[in-house]
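Asks: Have a look at this prediction, sequence included:
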Amino acid sequence: MAAYKETRGLAVLGSTGSIGTQALEVVDAHPDRLRVVALTAQRNVDLLEEQARRYRPPLVCMAEAEAAEELARRLRGTGVEVAAGPEGLLEAAAYPLADTVLNAIVGSAGLPPTLAALGAGKRLALANKESMVAGGELVLSALHNGGELIPVDSEHGAVFHCLRGEDPGDVEAIVLTASGGPFYGRSRAELAEVTVEDALAHPTWSMGKKITVDSATLMNKGLEVIEAHFLFGVPYERIKVVAHPQSVVHSLVEFRDGSLAAQLSVPDMRLPIALALSYPERWGPPFRRTDLAELGRLTFGEVDRETFGCLELAYRAGRRGGTATAALNAANEVAVEAFLRGRIGFLDIERIIGETLEAHVPRPVRSLDDVLAVEEWARAKASWLVDGEET
Ligand code: NDP
């Protein structure tokens, strides 16, 4: 068995977010196994300062230049170096003291750091699913530099663990579970009336705003289908989605003999984060144990793809391939932001993504520039559709 360093150097990209702060709780639980060597955020200076003073990483970075200046002023004399902007994020992602890089940035801004971490041969614990959706082919080729990718998304973490020791040739299908979000069982007429506040009230998970809205539209599950396709090399027709409102079965693998393997636990993101950071070891004690008798009943059902059209759009983009998934993701980011700002209604999200995809002619993805160019186009198109909705 391979030897692992006693203490692993950890860079947390997006340390001020929902996943980032929970990752630091995992560090707190295992101070002898994990040492924070880099932290990054976009603009939350107060929290990054607090984290920097607590964990004393040699490097921190703020993606926004003004926020970086403010943080550098506050951290003067502490010995913590403050980097700035997209270059600073790349520096943190490839930081020599980091053995593991957790990418918990939201949105496809996470793609360049994902490529930088893998390019530097790091172990990448990937929460930032938009990296895979926008540039899956690029991420897979970056793996040839000796890096390693461990998914943090609870569904993909579950599949990853169900596949431990299995022959990939024996996999018949991947079955992703979906809580269904706050609007499970609603009709389209009801969805037309929902508010931002309704969409942010997720029944089982407490997460950042963007992924919470993605869960409400089921685009989150669509992004996960695309992520699963790239991570596990399974064609779209063999990636299934099943509704499971309790979020206890995190996902399943169906094998050719008809067996199903699943991973279960109470919904708590610290478990998949800890699994990714400890792999291939398992560290204890757990944050929470799962008492099946107390849970009582686990239920499963069909996902209503007609009412929640975003899931179908994601399958369609995935099957079209090339730059289509980058266009889908960028249009979704614009539409979700507009919904959160109260500029468009809930069902407009799906319409704007659909119309953007309809106008897009996919091309092969050969470089990061190919992805960035399509994203720029899709953002402009989706923004134009948002403006049209407002006037
Ligand atoms: P949050 O919005 O809570 O946090 C996002 C983090 O990224 C913050 O640290 C934020 O900094 C930083 N950030 C935001 N925009 C940028 C940018 N343009 N450049 C650099 N840094 C940026 O998100 P979540 O933690 O909920 O989600 C993070 C990722 O993990 C997403 O891809 C999501 O889909 C995925 N995920 C999340 C789960 C969850 O339970 N939350 C579950 C599974 C996957 P600042 O605070 O300064 O704005």
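Replies: Here it is on my side, so go on. Bear in mind the structure is a predicted one, so any value in this text is a computation, not a measurement.
Asks: for this protein, what's the longest helix?
Replies: Secondary structure of the chain per DSSP state H: the longest helix is helix 368-390.
Asks: Name the SS class of the spatially most distant residue from the centre of the chain, please.
Replies: Going by Cα atoms, centre = their mean, the residue of the chain most distant from its centre is G77, 35.1 Å out. Following DSSP: H, G, I helix; E, B strand; the rest coil, the label given to G77 is coil.
Asks: how about F308, phi and psi?
Replies: phi -110, psi 80 (degrees, to the nearest 10).
Asks: Please shift the residue numbers so they start at 46 in all later answers.
Replies: Right, with 46 as the first residue, what we last looked at is F353.
Asks: Pull the number of nearby residues for it.
Replies: 25 (other Cβ atoms under 10 Å). C-beta coordinates here come from the backbone N, C-alpha and C atoms, glycine included.
Asks: hmm, the longest helix of the chain touching the ligand?
Replies: No - using Cβ under 6 Å from any ligand atom, helix 413-435 stays clear of the ligand, coming no nearer than 12.4 Å.
Asks: Report the rounded mean pLDDT for that helix.
Replies: On average, the pLDDT along helix 413-435 is 95.
Asks: just the CA coordinates of it, formatted as PDB?
Replies: The C-alpha trace of helix 413-435 is given here as PDB (Å, rounded to 0.1, in the frame of the first residue of the first chain):
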ATOM      1  CA  LEU A 413      -9.400  27.000 -22.300                       C
ATOM      2  CA  ASP A 414      -9.800  29.800 -24.900                       C
ATOM      3  CA  ASP A 415     -12.400  27.800 -26.700                       C
ATOM      4  CA  VAL A 416     -14.400  27.500 -23.500                       C
ATOM      5  CA  LEU A 417     -13.900  31.200 -22.500                       C
ATOM      6  CA  ALA A 418     -15.000  32.400 -26.000                       C
ATOM      7  CA  VAL A 419     -18.200  30.300 -25.800                       C
ATOM      8  CA  GLU A 420     -18.900  31.400 -22.300                       C
ATOM      9  CA  GLU A 421     -18.600  35.100 -23.300                       C
ATOM     10  CA  TRP A 422     -21.000  34.500 -26.100                       C
ATOM     11  CA  ALA A 423     -23.500  32.600 -24.000                       C
ATOM     12  CA  ARG A 424     -23.400  35.200 -21.200                       C
ATOM     13  CA  ALA A 425     -24.000  38.000 -23.700                       C
ATOM     14  CA  LYS A 426     -26.900  36.100 -25.200                       C
ATOM     15  CA  ALA A 427     -28.500  35.200 -21.900                       C
ATOM     16  CA  SER A 428     -28.000  38.700 -20.600                       C
ATOM     17  CA  TRP A 429     -29.800  40.000 -23.600                       C
ATOM     18  CA  LEU A 430     -32.700  37.600 -23.000                       C
ATOM     19  CA  VAL A 431     -32.800  38.800 -19.300                       C
ATOM     20  CA  ASP A 432     -33.000  42.400 -20.400                       C
ATOM     21  CA  GLY A 433     -35.800  41.600 -22.900                       C
ATOM     22  CA  GLU A 434     -37.700  39.900 -20.100                       C
ATOM     23  CA  GLU A 435     -37.400  43.100 -17.900                       C
END
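Asks: Return the set of buried residues in it.
Replies: The neighbour-count check on helix 413-435 (16 or more other Cβ atoms under 10 Å) flags 415-417, 419-420, 422-424, 426-428, 430-431 as buried.
Asks: Okay, strands next: where are they in this structure?
Replies: 53-58, 79-86, 104-107, 126-129, 145-148, 168-171, 193-196, 216-223, 284-288, 294-300, 305-309 (DSSP state E).
Asks: want to throw these into a markdown table with mean neighbour count, distance to the ligand and mean pLDDT?
Replies: Below are those laid out as a markdown table (neighbours: other Cβ atoms under 10 Å; distance: least, Cβ to the nearest ligand atom, whole Å; pLDDT from 0 to 100):
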| stretch | mean neighbour count | distance to the ligand | mean pLDDT |
| --- | --- | --- | --- |
| strand 53-58 | 26 | 7 | 98 |
| strand 79-86 | 25 | 4 | 98 |
| strand 104-107 | 26 | 7 | 98 |
| strand 126-129 | 20 | 11 | 98 |
| strand 145-148 | 27 | 8 | 98 |
| strand 168-171 | 26 | 9 | 98 |
| strand 193-196 | 21 | 9 | 98 |
| strand 216-223 | 22 | 12 | 98 |
| strand 284-288 | 19 | 16 | 98 |
| strand 294-300 | 22 | 11 | 98 |
| strand 305-309 | 17 | 15 | 98 |
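Asks: Can I get the ones you listed in CSV including distance to R342?
Replies: Formatted as CSV, the strands of the chain follow (distance: least, Cβ to Cβ, whole Å):
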stretch, distance to R342
strand 53-58, 37
strand 79-86, 37
strand 104-107, 46
strand 126-129, 50
strand 145-148, 34
strand 168-171, 33
strand 193-196, 28
strand 216-223, 15
strand 284-288, 14
strand 294-300, 12
strand 305-309, 13
